[in-house]
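[1] my questions are about this predicted structure, shown below with the sequence.
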Amino acid sequence: MAKSDELVKYVTVQLLHYMETPREVRKQVRASQREAREHWKYRWFGMLPVAILMWTQGLRIKK
């Protein structure tokens with residue numbers, strides 16, 4: 001029973017924090033989070049796309 005009380009308290013605190021934050025500040029935070037995120041292919045596959053790109057460019061130069 002205590003865990004559900006803690007969950008309700010956490011959700012309530014997060015909701016109040018969201019509601020008290022001005023809209024402009026929330027937009028700035030979201031924009032900065034988008035800029036800080038890595039591209040999806042690097043998050044999913046690591047350096048593999050870069051390695052493939054370098055390998056294919058190397059093949060083009062040799063031809």
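    Done, it's in.
[2] all contacts plus neighbour counts: C-alpha atoms, from now on.
    Will do.
[3] where does this structure have its least confident helix or strand?
    The helix or strand with the lowest mean pLDDT-type score in the chain, counting by mean pLDDT, DSSP states H and E, is helix 40-45 (a mean of 80).
[4] and the most centrally placed residue in the chain, how close does it get to residue 55?
    Among the residues of the chain, the one closest to the centroid is residue 37, at 4.7 Å (C-alpha atoms, centre = their mean). The gap separating residue 37 from residue 55 is 26 Å, by C-alpha to C-alpha, to the nearest Å.
[5] so where's this protein uncertain?
    Scanning the chain for pLDDT under 70 picks out the ranges 1, 62-63.
[6] which one's the longest helix in it?
    helix 2-20 (DSSP state H).
[7] what's downstream of it, the next helix or strand?
    Sequence order places helix 23-36 as the next helix or strand after helix 2-20, per DSSP states H and E.
[8] taking helix 2-20 as reference, get the angle to that following helix.
    110 degrees (axes from the mean of the first three to the mean of the last three C-alpha atoms, to 10 degrees).
[9] can I get helix 23-36 as CSV, trimmed to CA atoms?
    C-alpha atoms of helix 23-36 as CSV (Å, rounded to 0.1, in the frame of the first residue of the first chain):
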residue,chain,number,x,y,z
ARG,A,23,4.6,27.9,-21.1
GLU,A,24,7.6,29.8,-22.5
VAL,A,25,10.0,28.1,-20.1
ARG,A,26,8.5,24.7,-21.0
LYS,A,27,9.0,25.5,-24.7
GLN,A,28,12.6,26.5,-24.2
VAL,A,29,13.3,23.3,-22.2
ARG,A,30,11.7,21.1,-24.9
ALA,A,31,13.7,22.9,-27.7
SER,A,32,17.0,22.4,-25.8
GLN,A,33,16.2,18.8,-25.2
ARG,A,34,15.6,18.3,-29.0
GLU,A,35,18.9,19.9,-29.8
ALA,A,36,20.8,17.8,-27.2
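[10] how far off centre is that helix?
    The chain centre lies 12 Å from the centre of helix 23-36; the measure is C-alpha atoms, centre = their mean, to the nearest Å.
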